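Peer 1: what follows is a predicted protein model with its sequence.
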Amino acid sequence: MDKNIVLDVKNLHVHYVTDDATAKAVNGIDFQVKEGEALGLVGETGAGKTTTALSIMQLIPDPPGIIVDGEINFEGKNVIYNTDKENQAMRGNGIAMIFQDPMTALNPVMTVGDQLSEVVLTHEKISKSEAKQRVIELLEIVGVKRDRYDDYPHQFSGGQKQRVVIAMSLLCNPKLLIADEPTTALDVTIQAQVLDIINQLREKYKMSMILITHDLGVVAETCENVAIMYAGNIVESGSVKEVYLNPRHPYTRGLFDSIPKLDDESAELVPIEGAISNAADLPTGCHFHPRCRYCQEICKHQRPPQRGTGSHKFMCHFDLFSEEAK
Ligand code: SF4
């Protein structure tokens, strides 16, 4: 295995099984994240992005969630077979996750300083005063003043809380940071500040990152690589440059067409018709076929192959935009 690969996900399938139905949330995805690289995982709600993240963290609620097939290799070890103790260690020192809503990560009845210190003390054998010092340093790095150490989460604004959560995720120097829509709940100016902090810290600590978002602009500002998810599949992936300059999958094209273009007043917003399929009742063949304007008979019955060269891959029966690729 390439030593630079921090995370290697192979043929991952994740289902949620209840008495009434089986929701196929992730349906055979493959991707890698290298040391220091950031991958943007993009898609609509229900595409399987968060299920992918929770699977990597080994936090899929079981039942009803089951990893049915595949591998999740973190630093060369398939974490699917981890013991609870190994998962705890991995979540402390290996992989950290930032959620959309900072309150899911913060305990409302503990001061911010105490709960961050507790995280350090759980994972490292250092004294309380050393832990406090580490917490204060990290809070200051993310722009939270040291005199806020004894404040409770409700005393912070949304943007400040997300800064605290970012500091919390970095306390134990993770190799990989998974940020699940970290700026969606924030207003636009604060979003830019939080993204800036994430970018700076990633560089400073040489961290790899998976950024989960529905926002192609955020990925362009933050990531080197991108994977577009639809109905539990990665339908297109490659470097941001490759995919943004020449999207090869009709769904990716649709995502770009639905973004208003500031430099072209005549350009119309073209939304993708229809809604993402229900994971408990996925269409046969290509899962995107009910919404695809290029759909042919074969698309309704056969799963499309993966096409493309080098790192730029897409999943379609046809190479519809090949002329533009030349
Ligand atoms: Fe569209 Fe067919 Fe390609 Fe699916 S396989 S994206 S339905 S053209």
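Peer 2: Received it, and whenever you're ready, just let me know what you need.
Peer 1: alpha carbons only for contacts and neighbour counts from here, please
Peer 2: OK.
Peer 1: ok now do whichever residue of the stretch 51-200 of the chain sits closest to the ligand, which residues does it touch?
Peer 2: Closest residue of the stretch 51-200 of the chain to the ligand, C-alpha to the nearest ligand atom: T52 (21.7 Å). The contact partners of T52, taken as C-alpha atoms under 8 Å, 6 or more residues apart in numbering, are V26.
Peer 1: is it part of a helix or strand, or is it coil?
Peer 2: The three-state label given to T52 by DSSP: H, G, I helix; E, B strand; the rest coil is helix.
Peer 1: just use 198 as the starting number from now, easier for me
Peer 2: With the count now opening at 198, the last piece we talked about shows up as T249.
Peer 1: which residues of the stretch 298-447 of the chain lie near the ligand?
Peer 2: For the stretch 298-447 of the chain, the contact set with the ligand under C-alpha under 6 Å from any ligand atom comprises P447.
Peer 1: could you find the closest non-adjacent residue to the closest residue to the ligand within the stretch 298-447 of the chain?
Peer 2: At 5.3 Å from the ligand, P447 is the closest residue in the stretch 298-447 of the chain, using C-alpha to the nearest ligand atom. Counting by C-alpha to C-alpha, 6 or more residues apart in numbering, P447 lies nearest to C489, which is 6.9 Å off, once chain neighbours are set aside.
Peer 1: neighbours of the one you found, just the number please.
Peer 2: Counted with other C-alpha atoms under 10 Å, residues neighbouring C489 total 17.
Peer 1: ok, N208 next?
Peer 2: 14.
Peer 1: and it, that's in a helix?
Peer 2: No: using three-state DSSP, the assignment for N208 is strand, not a helix.
Peer 1: I'd say it and D266 touch.
Peer 2: Yes: here N208 reaches D266: they are 7.0 Å apart, a contact under C-alpha atoms under 8 Å.
Peer 1: how much space separates the residue of the stretch 298-447 of the chain closest to the ligand from M287?
Peer 2: From P447 over to M287 the distance is 38 Å, taken as C-alpha to C-alpha, to the nearest Å.
Peer 1: which one of those two has more residues nearby?
Peer 2: With neighbours defined as other C-alpha under 10 Å, P447 and M287 compare such that P447 has more, 26 against 19.
Peer 1: cheers, nothing more for now.
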